[in-house]
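Enquirer: one predicted model, sequence on top.
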Amino acid sequence: MTRRRTASALLLASLTLAGCAGGPPPPWSETATRELQLALASFEVQGRRVSLTRSAAAPAATPVVVYLPGLGQGSQAQDSGQRWAAAWAQAGYTVLAVQPLEADAAAWRSELARSGEFRALGLLHYGDTLRAERLAALRRLLPALRAAQPALDWGHAALAGYETGAQTVLDARADPGWQAVIAISPPAMQAPAGGAATLLISSDLDQDPLGLLRGPAERRQAFDGFAPGTAWLLTLAGVSHAALAGTLAPEGWHAQDQHRTAPAGLGRGRGGGEGGGLPGPAGGGARGPRSGSATEAAQTDMSEALRLSTAFLQAQLRGAAMPASPALQTR
């Protein structure tokens, strides 16, 4: 077995154990450092917390992936797409996760969320005003990130994001300084036709819990408008919208999931599927309609997504060959 396959197997096994439904997972820092040999750190730039994930054995000058979390997610390592960050870090990248807007981080604590107005919440956060503010905030943050981490190889840098983060990275794909862009579960949107090589990731179960989309196929709208030769579309099978967040279920959600039931008529898909407008978990505060079960989403098999997204980074930032896959469509 090759070193890369061994590392991948260890990553998947460790993340599965961390998301085990039999009880609360160990703290992410413990799993990352003991099982995955990752180094975690955090720092602040322009009032925003930034989480850093890298291999403990990696040299200082690694290529960079700047990751923008989704709606309701902050920049802390425990809620910023650990599965993506761990896979990319084990391949030799330093992942910097930052939520550009506090309004996005606090979305599930807002009055709209507390009153169950999830469609209105989506229209607000994906709407033109916050979309423009988020892109402007990212552009302001980048010089500060480079100044805070000058040893990193900023000449080989990728931008990645989930949900609202995916919307912003697609808006920024034509900005200078990026060699690659990864958009995970973006909304239906137009984006610059040209720009950095882009991988759009979605699935056949990538429903919209906010009710803004009619179906998963609408998430490929930006891909259909890209210039030929600039993009790939990865369509996964049996992976829910919640699982695409790449986030392990926080401690406390496991017990809540044990007695949480979906309303009549709102089924749960494979791997922690969706039900539009689901309430918060029984016995706990509202977390938004992201998933029928956070535990199931955290255990979903994401191996193909992790493998192909890492291969995309290797191809665009290190000149490796892009692998063929029946799940990949080239623009």
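Expert: Received the coordinates, thanks.

Enquirer: now whichever strand or helix holds A237: buried residues?
Expert: Following DSSP states H and E, one finds A237 within strand 231-240. Of all the residues in strand 231-240, those buried under the rule 16 or more other CB atoms under 10 Å are 231-236, 239-240. Placement of C-beta: from N, CA and C, glycine included.

Enquirer: using CSV, please lay out the residues you listed together with distance to L124.
Expert: Formatted as CSV, the buried residues of strand 231-240 follow (distance: CB to CB, whole Å):
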residue, distance to L124
A231, 28
W232, 31
L233, 28
L234, 29
T235, 28
L236, 28
V239, 27
S240, 24
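
Enquirer: please report the distance of A324 from A311.
Expert: Going from A324 to A311 by CB to CB, to the nearest Å gives 10 Å.

Enquirer: so who does T198 touch?
Expert: Contacts of T198 were listed using CB atoms under 8 Å, 6 or more residues apart in numbering, and they are 170, 173, 180-183, 223, 226, 230-232.

Enquirer: mind checking what secondary structure it has?
Expert: Of the three states, T198 takes strand under DSSP: H, G, I helix; E, B strand; the rest coil.

Enquirer: kindly report the same for A183.
Expert: What three-state DSSP gives for A183 is strand.

Enquirer: ok, it touching L200?
Expert: Yes: the pair A183 and L200 qualifies as a contact (CB atoms under 8 Å) at a distance of 4.9 Å.

Enquirer: which stretches of this structure have low pLDDT?
Expert: Low-confidence segments of the chain (pLDDT under 70): 1-26, 77-79, 249-299.

Enquirer: in the stretch 51-200 of the chain, which spans are strands?
Expert: For the stretch 51-200 of the chain, the strands defined by DSSP state E, counting those that start in this stretch occupy 63-68, 94-98, 153-162, 180-184, 197-205.

Enquirer: now L101. Nearest residue, chain neighbours left out?
Expert: R134 (5.3 Å; CB to CB, 6 or more residues apart in numbering).

Enquirer: any idea how far that neighbour is from A91?
Expert: Counting by CB to CB, the gap from R134 to A91 is 27 Å.

Enquirer: buried set for the longest helix along the chain?
Expert: Longest helix in the chain by number of residues (criterion: DSSP state H): helix 128-148. If you call a residue buried by 16+ other CB under 10 Å, then helix 128-148 has these buried ones: 130-131, 134-135, 137-138, 141-142, 145, 148.

Enquirer: check which helices and strands it is in contact with.
Expert: Contacts defined by 3 or more CB pairs under 8 Å, 6 or more residues apart in numbering; DSSP states H and E place helix 128-148 against strand 38-45, strand 48-55, strand 63-68, strand 94-98, helix 102-105, helix 164-171.

Enquirer: relative to strand 38-45, how tilted is the second one?
Expert: Read it as strand 48-55. Angle, strand 48-55 to strand 38-45, by axes from the mean of the first three to the mean of the last three CA atoms, to 10 degrees: 160 degrees.

Enquirer: equivalent analysis for the fourth one, please.
Expert: Direction vectors for strand 94-98 and strand 38-45, defined by the same axes, to 10 degrees, enclose an angle of 40 degrees.

Enquirer: what packs against strand 94-98?
Expert: Using 3+ CB pairs under 8 Å, 6+ apart: strand 94-98 touches strand 48-55, strand 63-68, helix 82-90, helix 128-148.

Enquirer: partner strands of it and their direction?
Expert: Paired with strand 94-98 in the same sheet, following DSSP bridges, are strand 48-55 (antiparallel), strand 63-68 (parallel).
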